[in-house]
Every structure is written in C-alpha cells, then in structure tokens.
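Peer 1: Have a look; sequence and predicted model below, questions after that.
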Amino acid sequence: MISAGIDIGSITAKCVILQGDKILAYSILRVKPNLEESAREIFEKTLELAGLSKEEVDSIVATGYGRGRVDFANKKITEISCHAIGSHFLIPDVGTVIDIGGQDSKVIAVENGKVLDFVMNDKCAAGTGRFIEVMANALGLKIEQIGELALRATERLKISSTCTVFAESEVVSYLSAGKKVEEIIAGVCDAIAGRLIAMASRVGIRREVVLTGGVAKNLGVRRAIEEKIGFGVKVPPEPQIVGALGAAVLGSG
Amino acid sequence: MKVGYLCTFTPKEIIYSAGFQPFRVFATERPIELASAYIQSYSCSQARGALECALKDDFYAFVFTRCCDTLMRLTDIFEFAGKRVYNIEFPTKIGNVEYYLRELKDFVEVLRDWGGEVSFESLVESLKLYRELEEGLKQLFSVFPDYETAIKVQQIDVKDAIKLVDEKLKSAKKEKESPKVLITGSVCPYPKIYDLFREAGFSIKDDLCTGSRFFEYIYPTFEPEDLEGALRFIAEKYFYKSPCPTKHYESDRRFEYVIKLAEDCDAVVFLLVKFCEPHFFDYPQLKSELEKMGKKVALIELEFPVVSTEQIRTRIEALREVIL
Amino acid sequence: MRELMASYYMQGHQAECNAWITSGAPVELLYAMDIYPIYPENHGALIGATKLGSYYSDFSERNGFSRDLCSYARCDIGCVFAGTSPIGGLPKPTFLFACNNICNTVVKWYEVLSRIFKVPLFILDTPFIRKELKESHLRYVEEQLYDFIKFAERITGRELEDQKLKEVIARSVEGVGLYAHCLQSARNKPSPMNCFDAFVNMAPIVCLRGTDHAIQFYVGLKKELDDRIKQGISAVDNEEIRLLWDNIPVWYRLRWLGEFFENRNACLVADTYTNAWTGFGELKGNDILSSMAEVYTLSYLNIGMDRTAEIINHLIELYDVDGVVMHSNRSCKPYSFGQYEIQKKLSVPSVIIEADMVDERVFSEAQVVTRLEAFLEML
Ligand SMILES: Nc1ncnc2c1ncn2[C@@H]1O[C@H](COP(=O)(O)OP(=O)(O)OP(=O)(O)O)[C@@H](O)[C@H]1O
Ligand code: SF4
Ligand SMILES: [Mg+2]
C-alpha cells in the first residue's frame, strides 16, 4: 500500500509519499497563486523523488487551506486532524501539538492521535510565520537566519503590538534607535511564543509537546516556547511536513 | 492589602476607609500575553493590559463599576481567572441618587465580608484625605500638568500621595501658555506620551482618566452627619464629577464640558485607545463641534503597551506645524 | 413573511408618530400608545443579509466613525448619511428609546442619532445582573418605566390606557408562547427547522411583539412546522450531527453556512440568539410595570457569565445537541467577551469562529472552513 499526503498551506505546499510506516519521499515548495497547479507540481516532484508513477499510488489525501483545490485527491481533511495524526505517527506519546504555519497557528490537544480539542489564533493576532517573515523583511534578513540570530542575543527587546503593521513600525523604530538586530529578532520570537502559550493555555498543555509547521525550524521561537512552558518540546526532523504525513497516514488505512 | 480598580468612578474613599489600599490598575510596559487566553483581541488594550497585570501581580480583590461593555464582561473574566471581584452598578444614566446610595450601602457590606469595616469616622477621614489630594492635584495641574505624578498617586497610599503632590508643587514651574493643546480620551498611563507634546512645543490641558477626570469634582455642599450621609456625599460627588462618555447625561453635558475646556486651546487631540467604543462614538460629532469653533483636531489611536513613540511624535509635530 | 415585514416598514412611514427602539426594550409600551416602533437593529440585519454592510458602513466611516464600532450602528448611521437604504431608509423618528439591557453601545449609538435628528432620547438604564437580582435594581428600573410613560405622553400628547396596555401584554405573551413553540419544534429528531430558518423568521417577534400580526404569523409557522414533523420533512436531509449556534448570525453568510452544514449532514437546530426572545413570555398581566422591570432587566445579555453558561447548557440538553458553534462577533462585545470562559463550562465541545454580523470585510472563508471542518471531524 502506497499513499500520498498533500498539504496545500497558505505559504507552502508539501507532499509525503508513504509505504507502510516508511516515508519514501517528501518535498516542500512555495505555493503559487494557482493552487491546482501547485498541487500537481508538488505531487509530481515527490513522485519523481520516490521513483514512482501516479498509478502506483493507492490513495491520495489532501489537507491544508487549499485541500479543496486538489481535484485528484480521494479524500480531504483539515490540517488539524492531520497534524494530530502525523505527530502521533512520529511521536506516539504526544499530548499537545503546536503547529505554527504561515497564516495560522494551532494548538491541538491529542490523545492516541485523536483530536480532543483545539484552538486557533484569532484574526488579528500576530503569532504566525507570516508575521516573522514581515519582521525579517523589515530587518533585511532571510527567514532561515532568524533562529540562529535570535539565539545569539543576550537581551530581548519587547515587541508589544498584536498588529503586524504596528509591530513592524516598532521594529523599524528599534532599528533607527540603533538597537542590535539579534535583540530585536529575539523579541519577535518571544512575542510569538508568548501569544502561543496564552492560546495553548485555553486547551491546556500536556506532555509531550510536539512542535510542527515551518516555524518549528526557528530555533528562537522554539527556545522561547520551552522557556515559557518550563520543559523541552519535541521537534520532528522535518516539522514542516507533519500535516502532509498525517494525510498520508490517514490514506494508508 | 491592595484592592484593584479600573474606573475613575470607583468610590475609592470607601475602599480606603475599610482599611484597603485602592490601587488603580493600568496597562503596564509589559507586553500582553496571558490575557489573550481570556479575552479576544478586539478588546481594548487597557482592559487586556489590566487583566495581564491582575494575572501576574498580587491583589486582594478587584472592584469594578459599570462602565463600558468590555469592563462589564471583564468582571466575570477576572472571577473566572480566580480573582475576588465585586461590581458596583454605577448607573449609566446619571440622576437617581437614591438608587446609587443603595448600591454603595451594599458595597459597604461586601467590604465587611472581605474583613474591612467602614465606620462613619473612617469614611469622613478618607473623604477628607482624598479631597485634599484632589485639591492638591488641581493646584499642581494649574501650574504644571504633571502626569507622572497624577498616575503615581493612584497607586499609593493617599497620605503619601498628598505629600508627593506637595513636594511636586514646590518645585513646579509654570508652563508657557501657548500654544495649548487639549488632550481628550480615556486612559493613557504612559507619561512619555505627554512629554512628546511638550517637546513639540505645546502646553497641555486634558480631559483624561489619567489626568483631570481623576480629580475634577463639584463637591456637594452639605456636611455628612452619619454613615448614610457620607455615602450620599460620595454618590453626589461622583455624579457631578467631570463627565465621561460611558455615562448618559440629561442634555449634552459631556459635549458642553469638552467644548468649554477647549475654548482657550489652539488644538484638540483625541488620544483614544483602539477598540474603545464609548470614546469612538463621540469622536466624529464632537470633532465637528470643535472644528466649528476653529480648533484644529487630530486623532491619535493607541495600543498598549506603547513601546515606540516615533510615529506619535510625527503626528504631534505635524499638528504643531499646522497651527503655527 | 416578506409581505408582513414590508407592510410593517410601510406603516412606519405612514405612522403619525414613531420611535426608534432597541431590540431589548419594552416595545409593549409603544404599541399600547399607538406609537410605531422602528428597529434600527433589524434594519442593520436586513442590510447585512443583502450583503450591503460595508457599503453603508462606508458612509459612517467617511464621517469619522471607526471601523471598530458595532456594524449595526455603523450601517444604521451610514444609511442616515446616505439618505437611503435597501428599503429606502427609515422614517425620521419622533423620539428615541434605548434600553441598555443588550449593551451600552446602544446608548452611544442613540446619542449620536439624537444629535443628528435633534429629537428627544429616553435611556432605560437596566443594571447589569452579574449575580443575583436585587430589589433595588428592580425599583430603579420600574421608576424609569413610569418616567418613560410620562416622557412619551408629553411628547405625543397621548395617554397610556391601562386596559390597552393589558391587551398588548396579553398579545405579547401569546405571541412569545407561539414563537417559543415554533423554536422548540427543533427538538424533534430530525429537526424540521434549523437556526437559519429561525433567524429569517425572527423579525415579527422582535418588531411586532404585542400585535396580532405576530400572533398570526407564528400560528401559521407553527402549523407549517407541525406538518413538517408529521410528514417527516427535515431541515437537513441526513441529520447526523446536531449543533447549537451562539451569537448574532453572520447575516451575509446565512445561506452559505446553511449549505456548509447541510453538506456535512450537520444541523444547527437551535441558537442562543433567537431563544433570547422567549424570555419575554414571563410578563405578567397584573402589576405590569414591576413584572416588566424584572423581565427586561434579566434579558439574556444582561446577566453574568455563570448564568449564561447555565442557559446554554439548558439549551444543549433541551435540543439534545452534540456541539456548539460560537460566533466571536467583532461587533458585539457583550455577546462575545467571555466566550473563552463559557466554552469551559459547557457540557459538550464547542468551536469559535471569528466574524462579524454585518461587515463582510472581516470574514475569511478559508479560516472559517478550516475551523468548522476540524470541529466536525473531531465530533
Ligand atoms: N528554515 C526555516 N527557518 C525558520 N522558519 C522557517 C523556515 N522555513 C519556513 N519557516 C517559517 O515557516 C512558515 C511557513 O510554515 P508552513 O509551511 O508550515 O506554513 P503553511 O502550512 O503554508 O501555512 P498554514 O498552515 O498557516 O496554512 C514561514 O512563514 C516561515 O516563517
Ligand atoms: S478604554 Fe474604553 S473600552 Fe477600554 S475599558 Fe476604558 S472605556 Fe472601556
Ligand atoms: Mg500548515
């Protein structure tokens, strides 16, 4: 049985191809405005990596914002369920999944891979990957550099605004006041973590805590979260594909 | 023991006379984190900031007075978060003293349950002290509107507050008179914001909860003779304090008040907290009245904590340039 | 329904005197004095349903009213500036009557109106009943009811007759009883109606409560629903999941939401909003004003969170639902703040979606779909 999971998120498209409990291949691409095309592209690319043809795949499950636009999928399911399943697949004793994507952050209470409860960020709250991207942009940094830089900071500046526009102007005014870039960026990571933990407290935080989504690769955010909850979190080797993995697991029966 | 309160209509004299320390809760410099687990982000940041403070700091209890919809729900939210709370139903429609007197009597009972006895003597003493503080602040502000002090005195013992105001009065230097700006709004607990106006060359007059709305009263003219009399005194004192948009007055007392305040000012700044409904509802019509008087009007929207001030500075400087 | 409301608005234009009134105010007093009640909130809902919310709101915003204010108010004031609306605007008020038992927003909103129209405004100030209802609160409200009668008599030159008020109250109670019966037909499994039907059919109980029109309308509706039950017709073809809606509807997405749930075999059988009006059935024919003071002070949005959660739990049980969909409504703070806490007090799972009742600009379809689908998957 070979199954594929396709996660069309607001920023990236992900695909995982699974055989039994073995990941044959996966890939990540930035989404294009045309979601159907993004879906086809990521699927084909992953097939190629796995050395498979379309016909050899028994089931395709789509998830993420664009799940409705993956016309060749057999099944569509939200990323909430998929992140829960994917995390459980990798880390069986997961109790809480924190998925920070581009546009949404989610905290999911899980038991045996089943969703018990979940919360998502409210509209104007800045706790998402896009927020970090805007800030990185204002500072002239690449998104991949952010985490490392944040870890280097000895002090953290406060980013107080919940609104991306306001927060950006805070960042700019710190810059013009001559503050160090790493201290500003550490402040950004701290702000994200602070909002997330508040959100998480609405469903309760139970161990193990698994961090997923692209932002899980940001070491600054990860450290800030760990500091706030007082224990370590688990991050899968490639946290960004956990939703797609969950979809593939679901398709495998 | 600290008893927190949020609104200038809270009868702090009664709280103090019961042996508690009334402490006005404001948003602080701390970012708002925990509070967002309890209330949506389209609530004003004064409410969220105060909640943040309540969750982190040590208070014996909190007293709310009916004010806006946000604070009405916030009472329950505080209680849900494990805080001891009480809400006094201050009328929205100003007028019925007998009704409010009843509410105050009930409040005295609540304080007793909290272990604080209110006697006639202690209440009269408290009234006297707060009046002394209020008169002192009025004097200080007539020389130099000192917001740092006005904010600080709401969070310390009234006796120390009186001393502090006295000291400040001794060293206060008269501001130059013009150009003068009237700042109107709800709360702004950050002294640095007022400094921005001075740095731009303005002298300041205000209609704010962190300024004159804390100490502008028309005191009743009778001398209370018993506890009920003292409570009646408080009811009337608060009915006829500087008017606030969260209350409804016969005739348009609130607009008239602001218009009168603006008479000797060159510009009016609405310094409003984002999502504050009572003030934002008044803004368009009040603005147009003020403009009819030839005043320059500007709106500055705040979100607490105010960290960077550069944008605000630009707005204020631009306003200053316009009226030159 | 459409004709009934059209003729209602029409009569408003012809009436010799009318009052703009808030949805939670004791309209019985107006009907008893032949003062025609006009409901700006209903007008706001209508604008929302026609998807013109942002269009009319824009007229307010251009006049300085913030986008963060209640969208009913923004639309209503916007229509005044625009001089029209989908139904040609509302007739100019003789006076204004606002009761803050639903929010303090209406006090500010009506103050704005009274400055625009230069007409008198009466505020009926109901204390918020966070815990127990006190005798002093009742007395305070009752006294104001007497004040209001004097106020209205002075302005209109009419007199309130006891007998007439009694009749109106009797009709009001009867209408509310029938209305409650209609809503409760949703207890049937499968339910013959869903909350979207309830939203569409609520205007008469709001606007015409106390008249024969409302009674006749709900007699008709009741018959229709009873028939549906008999014939086994259900609102949703394959009712598998039963849900409760909390908060004011998302007016511009009624149909969309209806189809969304129907396609997933879920039925929103009831809601807290339309059920709020069933409370007005407690009015008593004798000692009218004191009973009125009590009933109107204890309105659904004027009570503490513990009590609100109790009521929702009661509805959960009454309608036997599996979950609650909560609309976190940017426009309505008293309805929305506290939802996070109430969620924890409910006996079934719940989900929050962010939207606004009228302003379609804040609605993000993708975000709402993800939340709702995930919730249904969880159930
Ligand atoms: N190497 C990296 N280091 C740090 N952050 C990263 C890295 N790669 C991606 N990100 C962050 O991850 C975000 C995208 O995450 P992800 O791909 O999970 O989002 P998505 O699934 O498209 O969004 P959503 O789930 O909200 O629809 C980017 O906005 C960026 O901030
Ligand atoms: S700032 Fe405005 S909305 Fe906030 S608590 Fe004060 S009056 Fe209420
Ligand atoms: Mg994602």
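Peer 2: Now that the structure is in, tell me what you want to look at. Ligands and ions are numbered 1, 2, ... in the order given.
Peer 1: C-alpha only now, for contacts and for neighbours.
Peer 2: Noted.
Peer 1: Would you mark the buried spots in stretch C:306-316?
Peer 2: Of the residues in stretch C:306-316, C:Arg307, C:Thr308, C:Ala309, C:Ile311, C:Ile312, C:Asn313, C:Leu315, C:Ile316 count as buried by neighbour count, 16 or more other Cα atoms under 10 Å in any protein chain shown.
Peer 1: Quick one: residues in contact with that stretch.
Peer 2: Under the criterion Cα atoms under 8 Å, 6 or more residues apart in numbering or on different chains, residues C:Leu244, C:Thr272, C:Tyr300, C:Asp322, C:Ile342, C:Lys345, C:Leu346, C:Ser347, C:Val348 lie in contact with stretch C:306-316.
Peer 1: Take those and keep only those in helices.
Peer 2: Those of the contacts of stretch C:306-316 mapping onto helices are C:Thr272, C:Ile342, C:Lys345, per DSSP state H.
Peer 1: Please determine how far the first one is located from C:Val324.
Peer 2: With the distance defined as Cα to Cα, to the nearest Å, C:Thr272 ends up 10 Å from C:Val324.
Peer 1: how near is whichever residue of the stretch 51-200 of chain B sits closest to ligand 3 to A:Ala186?
Peer 2: For the stretch 51-200 of chain B and ligand 3, the shortest gap (Cα to the ion) falls at B:Glu52, measuring 30.0 Å. Using Cα to Cα, one gets 22 Å for the distance from B:Glu52 to A:Ala186.
Peer 1: Torsion angles phi and psi at residue 103?
Peer 2: Picked chain A for this. phi -120, psi -20 (degrees, to the nearest 10).
Peer 1: I was thinking of chain C, sorry if that wasn't clear
Peer 2: Torsion angles at C:Cys103 (phi, psi; degrees, to the nearest 10) stand at phi -180, psi 170.
Peer 1: That one touches C:Ser336, doesn't it?
Peer 2: No: C:Cys103 sits out of contact with C:Ser336 when judged by Cα atoms under 8 Å, with a separation of 11.5 Å.
Peer 1: okay, the buried residues of stretch C:306-316 in TSV with distance to A:Val215 next?
Peer 2: Converted to TSV, those look like this (distance: Cα to Cα, whole Å):
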residue	distance to A:Val215
C:Arg307	41
C:Thr308	38
C:Ala309	37
C:Ile311	41
C:Ile312	38
C:Asn313	38
C:Leu315	41
C:Ile316	39
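Peer 1: now, among these, which is nearest to ligand 2?
Peer 2: C:Thr308 (21.6 Å; Cα to the nearest ligand atom).
Peer 1: what helix or strand does the closest one sit in?
Peer 2: For C:Thr308, the element it lies in under DSSP states H and E is helix C:305-318.
Peer 1: Doesn't B:Ala298 belong to a strand?
Peer 2: Yes: counting by DSSP: H, G, I helix; E, B strand; the rest coil, B:Ala298 is part of a strand.
Peer 1: where's the nearest residue to it once chain neighbours are set aside relative to B:Ile183, distance?
Peer 2: With Cα to Cα, 6 or more residues apart in numbering or on different chains as the criterion, B:Ala298 has its nearest non-adjacent residue at 4.8 Å, and that residue is B:Val269. Distance, B:Val269 to B:Ile183, by Cα to Cα: 5 Å.
Peer 1: These two: who's more crowded?
Peer 2: Neighbours were counted for B:Val269 and for B:Ile183 using other Cα atoms under 10 Å in any protein chain shown; B:Ile183 has more, 27 against 19.
Peer 1: quick one: the more buried one is in a strand?
Peer 2: Yes: counting by three-state DSSP, B:Ile183 is located in a strand.
Peer 1: quick one: secondary structure of the closest residue to chain B within chain C?
Peer 2: Across chain C, no residue is closer to chain B than C:Gly64, which sits at 5.0 Å (Cα to the nearest Cα). Classification of C:Gly64 using three-state DSSP returns coil.
Peer 1: correct me, but it touches B:Pro284?
Peer 2: Yes: assessed by Cα under 8 Å, C:Gly64 is found in contact with B:Pro284 at 5.0 Å.
Peer 1: Could you report the neighbour count for the residue of chain C closest to chain B?
Peer 2: 17.
Peer 1: residues contacting it?
Peer 2: B:Tyr283, B:Pro284.
Peer 1: make it 10 Å
Peer 2: Going by Cα atoms under 10 Å, 6 or more residues apart in numbering or on different chains, C:Gly64 touches B:Phe280, B:Phe281, B:Asp282, B:Tyr283, B:Pro284, B:Gln285, B:Lys287, B:Ser288, C:Asp58.
Peer 1: nearest to chain A, of these?
Peer 2: Ranked by distance to chain A (Cα to the nearest Cα), the contacts of C:Gly64 are led by B:Phe280 at 19.3 Å.
Peer 1: B:Val273 versus the closest one, what's the distance?
Peer 2: Counting by Cα to Cα, the gap from B:Phe280 to B:Val273 is 9 Å.
Peer 1: Mutual contacts of the two, please.
Peer 2: In contact with both B:Phe280 and B:Val273: B:Gly185, using Cα under 10 Å, 6+ apart.
Peer 1: distance of the nearest residue to C:Ile129 once chain neighbours are set aside from C:Pro120?
Peer 2: Spatial nearest neighbour of C:Ile129, chain neighbours left out: C:Ile303 (4.8 Å); criterion: Cα to Cα, 6+ apart. Separation of C:Ile303 from C:Pro120 (Cα to Cα): 29 Å.
Peer 1: quick one, which of these two is more surrounded?
Peer 2: Higher neighbour count among C:Ile303 and C:Pro120: C:Ile303, with 23 against 19, using other Cα under 10 Å.
Peer 1: Now do the more buried one, the pLDDT please.
Peer 2: C:Ile303 carries a pLDDT value of 97.
Peer 1: for C:Val358, same thing?
Peer 2: pLDDT for C:Val358: 96.
Peer 1: ditto for A:Ala125
Peer 2: Per-residue confidence at A:Ala125 stands at 54 (pLDDT).
Peer 1: Drop anything exposed from the contacts of stretch C:306-316.
Peer 2: Among these, those that count as buried by neighbour count (16+ other Cα under 10 Å) are C:Leu244, C:Thr272, C:Tyr300, C:Asp322, C:Ile342, C:Lys345, C:Leu346, C:Ser347, C:Val348.
Peer 1: Mind picking the two most distant members of those residues?
Peer 2: Between any two of the buried ones among the contacts of stretch C:306-316, the greatest separation by Cα to Cα is 22.4 Å, found for C:Tyr300 and C:Asp322.
Peer 1: Quick one: residues contacting whatever residue of chain C ends up closest to ligand 2.
Peer 2: Going by Cα to the nearest ligand atom, ligand 2 is nearest to C:Lys333 of chain C, at 9.8 Å. By Cα under 10 Å, 6+ apart, C:Lys333 lies in contact with B:40, B:42-43, B:68-70, B:72-73, B:277, C:69-70, C:103-105.
Peer 1: likewise A:Gly243?
Peer 2: Neighbouring residues of A:Gly243 by Cα under 10 Å, 6+ apart: A:5-9, A:14-16, A:62-64, A:78-87, A:99, A:212-213, A:249.
Peer 1: Please identify the helix or strand for it.
Peer 2: Per DSSP H and E: A:Gly243 is located in helix A:242-251.
Peer 1: repeat for A:Ile17
Peer 2: Using DSSP H and E, A:Ile17 sits in strand A:12-19.
Peer 1: quick one: strands adjacent to the next helix or strand after that strand?
Peer 2: Per DSSP H and E, strand A:12-19 leads on to strand A:22-30 as the next helix or strand towards the C-terminus. Under the criterion DSSP bridges, strand A:22-30 sits next to strand A:12-19 (antiparallel) in its sheet.
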